[in-house]
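[1] Just need the structure, nothing else, for what follows:
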Amino acid sequence: MYSRILVAVEHSPADRTIIHHVRQLARLCGSELLLVHVADGWAARNIEQLDLRDSEEIRDDRDYLEKLVVELNGEGLKTAGRLAFGDPATELVRVAREERVDLVAMATHGHRYLADIVHGATADRVRHALDIPVLMLRAAKEPA
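    Numbers count the residues shown, from 1 in each chain. As a prediction, this is how the structure comes out:
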């Protein structure tokens with residue numbers, strides 16, 4: 001059904017919601033997982049244009065992503081990780097297209113009112129930009 005699933009992770013406890021669900025889905029479908037985190041701080045958004053070194057935040061993001069990849073590979077799930085830089089919605093769409101995934105999975109937080117009006121919710125922007133299924137789960141208050 002799904003051979004390659006992009007899992008958006010944001011380096012927060014909300015990731016456990018989507019990872020818990022996708023772990024089971026990947027086992028059922030025999031899917032490969034691609035974990036993608038988009039670093040979106042000032043340094044991350046300008047890293048290529050200004051030829052910047054990794055900030056402490058970016059190094060922490062790389063470590064977090066690598067730990068998740070090791071964890072899932074250790075459970076027998078073929079998993080890779082990719083760190084992207086910039087606007088999260090734009091980058092998730094770009095990576096989904098580049099990597100030719102057939103499902104995008106992400107946790108959501110519900111509405112954040114003013115931020116949603118100004119920037120648009122990341123999940124909404126991703127689902128409207130892609131023509132593949134997008135699985136959205138509301139982040140659990142308690143980790144799964």
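[2] Show me where the protein has its helices.
    Along the chain, the segments classed as helices by DSSP state H run 15-29, 42-46, 56-74, 88-99, 114-119, 122-129.
[3] of all the ones you listed, which lies closest to residue 108?
    helix 122-129 (4.7 Å; C-beta to C-beta). In short, each C-beta sits where N, CA and C put it, glycine included.
[4] Which strands or helices does that closest one pack on?
    In terms of contacts (3 or more C-beta pairs under 8 Å, 6 or more residues apart in numbering; DSSP states H and E), helix 122-129 is packed against helix 88-99, strand 103-108, strand 134-138.
[5] mind running it again at 10 Å?
    For helix 122-129, the helices and strands in contact under the criterion 3 or more C-beta pairs under 10 Å, 6 or more residues apart in numbering; DSSP states H and E are strand 4-8, helix 88-99, strand 103-108, helix 114-119, strand 134-138.
[6] Only the C-alpha atoms, please, for the third one, written as CSV.
    Pointing back at strand 103-108 there. C-alpha atoms of strand 103-108 as CSV (Å, rounded to 0.1, in the frame of the first residue of the first chain):
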residue,chain,number,x,y,z
LEU,A,103,2.5,9.1,2.2
VAL,A,104,3.4,12.0,4.4
ALA,A,105,2.7,11.5,8.1
MET,A,106,2.7,14.3,10.7
ALA,A,107,1.5,15.2,14.1
THR,A,108,-0.6,18.4,14.5
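[7] Report the angle between it and helix 88-99.
    On the basis of axes from the mean of the first three to the mean of the last three C-alpha atoms, to 10 degrees, strand 103-108 is oriented at 160 degrees to helix 88-99.
[8] Can you give me the end-to-end span of stretch 80-89?
    Taking C-alpha to C-alpha, to the nearest Å, stretch 80-89 runs 20 Å from one end to the other.
[9] what pLDDT, on average, does that stretch get?
    Stretch 80-89 shows a mean pLDDT of 94.
[10] Pull out the buried positions in that stretch.
    Within stretch 80-89, the residues that count as buried by 16 or more other C-beta atoms under 10 Å are 81-89.
[11] Turn those into JSON lines, columns for distance to residue 96.
    Below are the buried residues of stretch 80-89 laid out as JSON lines (distance: C-beta to C-beta, whole Å):
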{"residue": "81", "distance to residue 96": "15"}
{"residue": "82", "distance to residue 96": "11"}
{"residue": "83", "distance to residue 96": "15"}
{"residue": "84", "distance to residue 96": "11"}
{"residue": "85", "distance to residue 96": "16"}
{"residue": "86", "distance to residue 96": "14"}
{"residue": "87", "distance to residue 96": "14"}
{"residue": "88", "distance to residue 96": "12"}
{"residue": "89", "distance to residue 96": "11"}
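[12] Thank you, goodbye.
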